[in-house]
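**Q** structure for this input, please:
(one chain, ligands or ions: 1)
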Amino acid sequence: MTDVALSPDTLDVEFRERTEEAAPDFPGVHTLGVVDHGPRPAGPSLTRRGVELTVPMAAAEADGFAEVWTTTRPVRTGCHRGIHYAYDGEHLFCAGRVPAARSYARRTEEAYTALLELTGELGYHSLFRMWNFIGRINEDNADRLEIYRDFCLGRATAFEKSRYPLRRLSAATGIGALGEGISFCALSAKSGICTPLENPRQIAAYHYPRRYGPKSPSFARATHVRHTAAGTGTGTAEDAPSQDAPAHDHRTHDRLYVSGTASIVGHASVHAGRIEEQVRTTLDNIAGVIGDANAAAHGLAHGYRLTDLYRAKVYVRHAEHLDAVRRLCAEAFAPEAEIAFLNVDICRSDLLVEIEGIAR
Ligand SMILES: C=C(O[C@@H]1C=C(C(=O)O)C=C[C@H]1O)C(=O)O
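**A** Residues are numbered from 1 along each chain as shown. Here you go, the predicted structure:
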């Protein structure tokens, strides 16, 4: 721990109590963004904690937690067409919200187009992680299209029109939220080296067949990021505003951001109605995407094991399955891993559980 405190990673994330002040734990740590998992949606807004977004994911005030993204570099903030953002010269955290509507595709397209414009204009070209918190995810919109599919249509259209190559899509989560409307946030890097990974056990989500909706989901199974502290010389004075950042700081650290993963093999959901089997298949899928063989196939120096996941979020559709899921996760992950459990819906109505995480 001392080691970490003396040399904090450039970008880091931790789970905190919702009520806890996100004051820096030690000098030189700044907050880029806070994703507050609470009972009601709020924001995004700009505060002294960077961008704050409250996503409605917890049934009661006491059940929630805050995911806090910190950086060792000073932070600047701004807003572009409804997308609130904070950046540190190397990482960009941004968030937006599409309010309750009769259908979501057009507004989602507008919001993602604004997000992609922003990453381009600020020069944070490498999206490496996206989250989408979707109210009434398995219900139909006013045109009888499932809201998840409605959302996927708008998001895919934004990527297509922005000529974003499918093979550069990043890790993502598209998960149910309480209430209505869609909240989203994303992280993008300036000079960090980002490698999207696919899973040999699964068809790329962006190639799912048409039966799952008019446009396939736009995401990769994981993104490996070699984070750099000070960039590689592409940062300008304007967006490297740091008097207190070390002048020649070329530290790097690697992270593997794993997408929300469920009991899907090929493109099909498997083990409908069976929670334990779904958890095991989900864990096998994660092990497959992060493991040595798949890492090597993507040109990475080494892979990871389930015990290398140090933060994970586990989404469970039915509250009565929580105990079983907790038990299976405790068996699979390292004892010191921080794992948050949320009782929300999943993108396909036959999926009971979904797990995402970060490995180091
Ligand atoms: C579970 C899956 O997809 C979910 C939906 C995602 C999205 O639409 O962004 C990303 C990951 C998962 O949260 C899957 O297709 O395997």
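**Q** pLDDT score assigned to residue 287?
**A** Listed pLDDT for residue 287 reads 98.
**Q** return the residues in contact with the nearest residue to it once chain neighbours are set aside.
**A** Distances taken as Cβ to Cβ, 6 or more residues apart in numbering place residue 306 nearest to residue 287, at 5.6 Å, with adjacent residues excluded. C-beta: built from backbone N, CA, C; applies to glycine. Contact partners of residue 306, counting by Cβ atoms under 8 Å, 6 or more residues apart in numbering, are 283, 286, 287, 290, 332, 333.
**Q** repeat that for 7 Å
**A** Residue 306 makes contact with 283, 286, 287, 332, 333, according to Cβ atoms under 7 Å, 6 or more residues apart in numbering.
**Q** same question for residue 159.
**A** So residue 159 contacts residue 218 (Cβ under 7 Å, 6+ apart).
**Q** surely it is in a helix?
**A** Yes: membership of residue 159 in a helix is supported by DSSP: H, G, I helix; E, B strand; the rest coil.
**Q** helix/strand/coil for the closest residue to the ligand within the stretch 201-350 of the chain?
**A** Closest residue of the stretch 201-350 of the chain to the ligand, Cβ to the nearest ligand atom: residue 260 (2.5 Å). Here residue 260 is recorded as strand under three-state DSSP.
**Q** so what's it closest to, chain neighbours aside?
**A** Per Cβ to Cβ, 6+ apart, closest to residue 260 is residue 173, 3.7 Å.
**Q** the one you found against residue 131, yeah?
**A** Yes: here residue 173 reaches residue 131: they are 4.7 Å apart, a contact under Cβ atoms under 7 Å.
**Q** and the residue of the stretch 101-250 of the chain found nearest the ligand, backbone torsions?
**A** Closest contact between the stretch 101-250 of the chain and the ligand, by Cβ to the nearest ligand atom, is at residue 174 (2.6 Å). The phi and psi values for residue 174, taken as degrees, to the nearest 10, are phi -130, psi 100.
**Q** excluding chain neighbours, what is closest to it?
**A** In space, residue 174 is closest to residue 132, 4.5 Å off (Cβ to Cβ, 6+ apart).
**Q** can you report phi and psi for that neighbour?
**A** phi -130, psi 120.
**Q** tell me how many other residues surround it.
**A** 27 (other Cβ atoms under 10 Å).
**Q** wait, it touches residue 182, no?
**A** Yes: with contact defined as Cβ under 7 Å, residue 132 and residue 182 form a contacting pair (6.3 Å).
**Q** and for the two, which residues touch both?
**A** Listed contacts common to residue 132 and residue 182 are residue 151; contacts here mean Cβ under 7 Å, 6+ apart.
**Q** and the residue nearest to residue 260, how far from residue 106?
**A** 22 Å (Cβ to Cβ, to the nearest Å).
**Q** check residue 182 too.
**A** 12 Å.
**Q** cool, and residue 218?
**A** For residue 218, the distance to residue 106 - Cβ to Cβ - is 16 Å.
**Q** more neighbours: which of those two?
**A** residue 218 (22 against 14).
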